[in-house]
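The amino acid sequence is not available; the structure is as follows:
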């Protein structure tokens, strides 16, 4: 896998942060109340994100492996997967921009699995140490999210389990700065990232990237 692909995954995570702030802002806000009082919240927020990004990487490894199998069994399978990933990134651009929210249907399907595992996260509240937050983050990494699902389809076209895991790792790292700042500055960040113009700019950038992905196999 090239460094350019990993950089692209990182940039997709950064561009998608506007969606993360809207979707995960309340989670991070509620999460801070489970942190011991008079304690620096940063180690706890970092631990939460370590768990979250680890789940992304595991999921990316699985989808990358499935994509590898598909590419070996279907003629030009990898090309078809790249086209599919481009379509999903295009849908993601529409989702972030609010132009067409078809990915919400996919989130509803993921919600079936999420309802089964989300109660497990309550076992780790309140948090005693930052390490105790990691399993909490691992569970919340499976929260139904159109942004994550679209990137998982992209990781499926990466060609292997390792590449799929790396794609999701770098994607997760791209979402990290916004969520870290959100956990410390709260509404200060949300106020700016939630602006309609911000979402539109990110959506247009995502749209351009999806077109590049779609043109690549041609």
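In hand now; what should we look at? Owing to the predicted nature of the structure, the values given are computational and were not obtained by experimental measurement.

For residue 8, give me the pLDDT.
With respect to pLDDT, residue 8 scores 85.

The closest residue in space to residue 214 that isn't next to it in sequence is in what secondary structure piece?
Closest residue to residue 214 apart from its sequence neighbours, by C-beta to C-beta, 6 or more residues apart in numbering: residue 86 at 3.7 Å. Every C-beta, even on glycine, is put in place using the N, C-alpha and C of the backbone. Applying DSSP states H and E as the criterion places residue 86 in helix 77-97.

now residue 134, nearest residue through space, not along the chain?
Closest residue in space to residue 134, ignoring its immediate chain neighbours: residue 51 at 4.3 Å, by C-beta to C-beta, 6+ apart.

Can you give me the neighbour number for the one you found?
Using other C-beta atoms under 10 Å, residue 51 has 20 neighbouring residues.

and the helix or strand containing it, what's its mean pLDDT?
In this assignment (DSSP H and E), residue 51 forms part of helix 42-73. Averaged over helix 42-73, pLDDT sits at 94.

in it, what counts as buried?
Buried positions in helix 42-73, judged by neighbour count with 16 or more other C-beta atoms under 10 Å: 44-65, 67-68, 71.

elements contacting it?
helix 17-32, helix 77-97, helix 133-140, helix 146-156, helix 161-185 (3 or more C-beta pairs under 8 Å, 6 or more residues apart in numbering; DSSP states H and E).

any chance of those in CSV, plus mean pLDDT and distance to residue 121?
Formatted as CSV, these follow (pLDDT from 0 to 100; distance: least, C-beta to C-beta, whole Å):
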stretch, mean pLDDT, distance to residue 121
helix 17-32, 67, 10
helix 77-97, 90, 25
helix 133-140, 93, 4
helix 146-156, 92, 17
helix 161-185, 87, 17
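
Mind checking those for the one nearest to residue 110?
For those, the distance to residue 110 is smallest for helix 146-156, at 6.9 Å, taking C-beta to C-beta.

other SSEs contacting that closest one?
So helix 146-156, by 3+ C-beta pairs under 8 Å, 6+ apart, packs with helix 3-15, helix 17-32, helix 42-73, helix 77-97, helix 103-117, helix 161-185.

one more time with 10 Å
In this structure, helix 146-156 packs against helix 3-15, helix 17-32, helix 42-73, helix 77-97, helix 103-117, helix 161-185, helix 196-215, with contacts taken as 3 or more C-beta pairs under 10 Å, 6 or more residues apart in numbering; DSSP states H and E.

Looking at those helices, which is nearest to residue 129?
helix 42-73 (8.6 Å).

which SS class is the residue of the chain most remote from its centre?
Taking C-alpha atoms, centre = their mean, the residue of the chain most remote from its mean C-alpha position is residue 38, at 30.6 Å. The three-state assignment at residue 38 reads coil, by DSSP: H, G, I helix; E, B strand; the rest coil.
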